[in-house]
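J.: what follows is a protein structure lacking sequence information:
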């Protein structure tokens, strides 16, 4: 009934023989990841986390380019996933518009949100360093499993204060590390995205630095210390090909430790990966 | 034993509601307690590039032009000012409606709500006329014939051939739609028939679940919906013009029948947002374009 709704998709599978093209592509599983572009709070140097700030003007341009690269590559996404945060959703919409796939189904999942920054969310990075000291802040930012201090339900930054999260429950004292982010990203990937890939769907995910770190750590088997330092450039499509068992097929041109490949000017991308490292983001 | 279980249920319920931050218990209200009232908002997309080129558009997937984007933004601002909120959005597979919806959701800070894209909300398919310039078509077939195709309730334009680029079977967008459902041409009646399947089976039930729904769609699918809601006759519906970009709000009772609004502009019982005098003029103005 509904051309692109998942339930009708699954229902109609039984009723209709798959076309030759569908049988061919069933063996190939393509997953495209895009980290959202620069946001207004990146410019203001604040800890963002789940705060719902928009893309900056530069960020909006970045994501248009991402869509054009995907179009040029001939990748046709069948289904998309993104977070509940507008900087990622806006990224996805721009990519879909540029690649002429605006009609595909989109799932918005808090499980793909950026890592929540607990009590640091909303604070200026420099002020936080002044208050807690450089080493402590570095630990909160770069540790794999040590989370920042918690927020409680009285805070505007606690998910209970935001009706978009009303369907889920969160602990009264809330904060996240990269480890706990992975604990909610990977199950979402396994439960929702893996079945789609198995059906032969090309899946597009527009998300955030840490939720994508969690996902590539899982896909590429990256260790904890390496992943905490890994930088995924914004607005740069990262393409994974997976085999029938959904194991990653290492791509030519992949930049270690990732096995997926970035689309675009490879030298510029390498420079960006190195460059971001030096910002001690 | 029973008392202990009862007490633990109470504390579980209050703990649950404190997690979710809601101060009310999550207990569904029975319909005998209250008269249920639902709200659904309709928005017709604004001007597209092919409107400018004066072509029969139908299922052709042209984008909004800048004016159309502005119309969507204005509609969004009206909704925002009146404090509307939505949980669920429906739109077609055509980008001019999708973009309209995206502009509205962005302006309202609701980008995270689920969106369902369905071909059943697509504009009426214009068959073999799709893509043709309106004036050229009049020159070819005569003014009266073209008027019949455009304004008849149940006489569709000439059908496409399946080899045509305009045949939805050749468009990957519709790869999962059963071939028997894909049109070679459509009248308003056929459009209504295929739209109503979505209303009855998907959209209506969601509204009854309490979802606050916005529908961003096209002239003829919104005609189909208001015809159903307001019981408008086949003759009257073909002449009815729904102004682009102006939110049209219906409040529905428990049976999804409209609760007439005093500001409804006949034959509609829903109300348009914004300056009603301006809206009335626009309704009249579109009529004279013999669209």
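T.: Sure thing, it's come through. Source: prediction; values computed, not measured.
J.: okay, CA-based contacts and neighbour counts for the rest of this
T.: Will do.
J.: confidence score at residue B:154?
T.: For residue B:154, the model assigns a pLDDT of 96.
J.: can you show me the helices along the stretch 101-250 of chain B?
T.: B:134-141, B:143-151, B:188-198, B:204-208, B:219-230, B:234-238 (DSSP state H, counting those that start in this stretch).
J.: list the buried residues of the first one.
T.: Buried residues in helix B:134-141, defined by neighbour count with 16 or more other CA atoms under 10 Å in any protein chain shown: B:134, B:137.
J.: remind me what it packs against, helices and strands.
T.: When contacts are defined as 3 or more CA pairs under 8 Å, 6 or more residues apart in numbering or on different chains; DSSP states H and E, helix B:134-141 packs onto helix B:143-151.
J.: what helices and strands are in contact with the helix it packs on?
T.: helix B:134-141.
J.: return the distance of the helix it packs on from the chain's centre.
T.: 30 Å (CA atoms, centre = their mean, to the nearest Å).
J.: that one vs helix B:143-151, what angle?
T.: 130 degrees (axes from the mean of the first three to the mean of the last three CA atoms, to 10 degrees).
J.: follow-up on the earlier one: the helices of the stretch 101-250 of chain B: which one's closest to residue A:180?
T.: helix B:204-208 (34.1 Å; CA to CA).
J.: so is that closest one next to chain A?
T.: No - Helix B:204-208 lies out of reach of chain A by CA under 8 Å from any CA of the partner chain, never closer than 14.6 Å.
J.: list the buried ones in that helix?
T.: Going by neighbour count (16+ other CA under 10 Å), the buried part of helix B:204-208 is B:204, B:207, B:208.
J.: grab the nearest non-local neighbour of residue A:98.
T.: Closest residue in space to residue A:98, ignoring its immediate chain neighbours: residue A:67 at 4.9 Å, by CA to CA, 6 or more residues apart in numbering or on different chains.
J.: test my guess that the one you found contacts residue A:90.
T.: No - with contact defined as CA atoms under 8 Å, residue A:67 does not count as touching residue A:90 (11.8 Å).
J.: low-confidence ranges, chain A, go.
T.: The model of chain A has pLDDT under 70 over residues A:1-27, A:276-281.
J.: and the helices in it?
T.: With helices called from DSSP state H, chain A shows them at A:6-15, A:20-25, A:40-43, A:57-73, A:86-98, A:125-132, A:134-142, A:178-188, A:194-198, A:209-220, A:224-229, A:266-277.
J.: tell me the gap between the last one and the middle of its chain.
T.: Relative to the chain's own centre, helix A:266-277 is displaced by 19 Å; criterion: CA atoms, centre = their mean.
J.: give me the contacts around that helix.
T.: Under the criterion CA atoms under 8 Å, 6 or more residues apart in numbering or on different chains, residues A:229, A:231, A:232, A:233, A:262 lie in contact with helix A:266-277.
J.: who in the stretch 51-200 of chain B is up against chain A?
T.: Going by CA under 8 Å from any CA, the residues of the stretch 51-200 of chain B near chain A are B:92-95, B:98, B:111-120, B:173-178, B:198.
J.: switch to 7 Å and redo it
T.: Contact residues (CA under 7 Å from any CA of the partner chain) of the stretch 51-200 of chain B with chain A: B:93-95, B:111-112, B:114, B:116-119, B:174, B:176-177.
J.: from the residues you listed, which shows the smallest pLDDT?
T.: residue B:176 (93).
J.: so what's the residue count around that one?
T.: Residues near residue B:176, counting by other CA atoms under 10 Å in any protein chain shown, number 20.
J.: strand partners of the top strand by length along chain A, parallel vs antiparallel please.
T.: Counting residues, the longest strand found in chain A (DSSP state E) is strand A:29-35. Sheet pairing of strand A:29-35 (DSSP bridges) gives strand A:203-207 (parallel), strand A:238-242 (antiparallel).
J.: ok, and what's touching it?
T.: A:197, A:200-209, A:234-243 (CA atoms under 7 Å, 6 or more residues apart in numbering or on different chains).
J.: got a quick PyMOL command for the buried subset of those residues?
T.: Burial among the contacts of strand A:29-35 is assessed by 16+ other CA under 10 Å; the matching PyMOL selection reads:
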select buried, chain A and resi 197+200+201+202+203+204+205+206+207+208+209+234+235+236+237+238+239+240+241+242
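J.: now, of the contacts of helix A:266-277, which are buried?
T.: Using 16+ other CA under 10 Å, the buried members of the contacts of helix A:266-277 are A:231, A:232, A:233, A:262.
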